[in-house]
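A.B. asks: Structural data only, the sequence is not supplied:
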C-alpha cells in the first residue's frame, strides 16, 4: 500500500514536471516573438532608414525608476514563493500584493509615458520607427498587465488551494517563470530601446 | 524519491534560496545603475558606451538565469530546459543578426 502511494506520488511529480516544461516551452516561443519585435525595431531605427525622433523624448530617470520597480517586484515574488513553501498562505498573499503594486506602478508609469509621447507628437502612426517602438514596448507592457491580472487571480485562489499544496506550488511556479521572463525581456528593452536611443 | 516531505519541487530550475536571490538582486541593481550612469554621464566614446551597456545587459541576463530562474544541468529536466533555451537563442540570433545583416547590405548596395 505504501509503495503504491509512493508510486502515485512519483507519478504526480512527473506530470507536474512535464507541465512546467510545457510552460517553459511557451515562454521560449514568447522569446521568439520578442526577438522578432527587437529585430524590427533595430532595422527601423539604426540602419539610416528614417530619422528617429525618439531621442528628444526619452527621460532616462523615468526608465531607471521603471527598471527598479520591475526588479523589486521580482524580488518580492521570490519572497512570496519562499513563504508558500513554508505553507504561510497569508504572508504569500501579502508578498503577492506587493508584487502587484510594484508591477502596477510600472504599467502606470509606462502608460503615462505613452500619453506624454503622443501629446508631444511622437505618435505610433508617425513613422515606422515610432510604430516599432510602440509595438515593442507596448507588447511588453501588455504582457506585464496580463501578469498583473494573473497575480490577482492567484491571490484569490491561494486560500482555496490550502488542501493541495502541490497544485498551489505548481501554479505559482508558472507565474514565477512568466514574471521573471518579463524582467529579462525588460533588460533588453531598456538597453536597446532607451539607452541606445538616448545615446 | 529522496525528498517526499519537501514542499520545494524544483521542476528542473533549481531550488529558490533567499541568499542567492539577494545576491542576484544586488548584482543586477549595480549593473543597471552602471549602464544608466555611463549613458547619462556621456563621457565615453560611442563604441565604449556600446561595449559597456551591451556587456552589462548580457551579464544581467546570465545573472537572472542563474540566480533567479536557477537554470542548471544537474537534473535531466534541468538539462532539457537548458537545451530548449539554447535552441531558442540560436533562433533569436538568426532572426536578429540575420535581419540586421540583410538590411545593412541592402542599405549599402542602394547608397553606394
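C.D. replies: Right, received. Where do you want to start? Everything numeric here is computed off the predicted structure, so don't read it as measured data. Numbers count the residues shown, from 1 in each chain, chains lettered A, B, ... in the order given.
A.B. asks: What score does residue A:168 have for pLDDT?
C.D. replies: For residue A:168, the pLDDT comes out at 89.
A.B. asks: Skip ahead from the top helix by length along chain A and say which helix or strand is next.
C.D. replies: Scanning chain A for the helix with the most residues, using DSSP state H, yields helix A:2-46. Later in the chain than helix A:2-46, the nearest helix or strand by DSSP states H and E is helix A:60-85.
A.B. asks: Pull out the buried residues from that next one.
C.D. replies: Residues of helix A:60-85 classed as buried: A:63-64, A:66-85 (neighbour count, 16 or more other CB atoms under 10 Å in any protein chain shown). The C-beta positions use only the backbone N, C-alpha and C, and glycine is treated the same way.
A.B. asks: Could you do stretch B:84-101 as well?
C.D. replies: B:85, B:88, B:92, B:95, B:96, B:99.
A.B. asks: What sits closest to the fifth one if chain neighbours are left out?
C.D. replies: Looking back up the chat, that one is residue B:96. Leaving aside its sequence neighbours, residue B:96 sits nearest to residue A:39 (CB to CB, 6 or more residues apart in numbering or on different chains; 4.6 Å).
A.B. asks: Could you restrict the buried residues of helix A:60-85 to the ones contacting chain B?
C.D. replies: Near chain B, judged by CB under 8 Å from any CB of the partner chain, the entries from the buried residues of helix A:60-85 are A:63-64, A:67-68, A:71, A:74-75, A:78-79, A:81-82, A:84-85.
A.B. asks: Tell me how far residue B:51 lies from chain A.
C.D. replies: 12 Å (CB to the nearest CB, to the nearest Å).
A.B. asks: Please, which helix or strand holds that residue?
C.D. replies: Counting by DSSP H and E, residue B:51 is part of helix B:46-63.
A.B. asks: Which other helices and strands does that helix contact?
C.D. replies: On a contact count with 3 or more CB pairs under 8 Å, 6 or more residues apart in numbering or on different chains; DSSP states H and E, helix B:46-63 meets helix A:165-188, helix B:18-41.
A.B. asks: which strands and helices sit next to the longest helix along chain B?
C.D. replies: Using DSSP H, we find that the single longest helix of chain B is helix B:76-111. Packing partners of helix B:76-111 (3+ CB pairs under 8 Å, 6+ apart): helix A:2-46.
A.B. asks: Can you give the distance from the helix it packs on to the centre of its chain?
C.D. replies: Distance, stretch centre to chain centre, for helix A:2-46: 14 Å (CA atoms, centre = their mean, to the nearest Å).
A.B. asks: go on, stretch A:188-199?
C.D. replies: For stretch A:188-199, the distance to the chain centre is 18 Å (CA atoms, centre = their mean).
A.B. asks: buried stuff in it?
C.D. replies: A:188, A:189, A:190, A:191, A:192, A:193, A:194, A:195, A:196, A:197, A:198.
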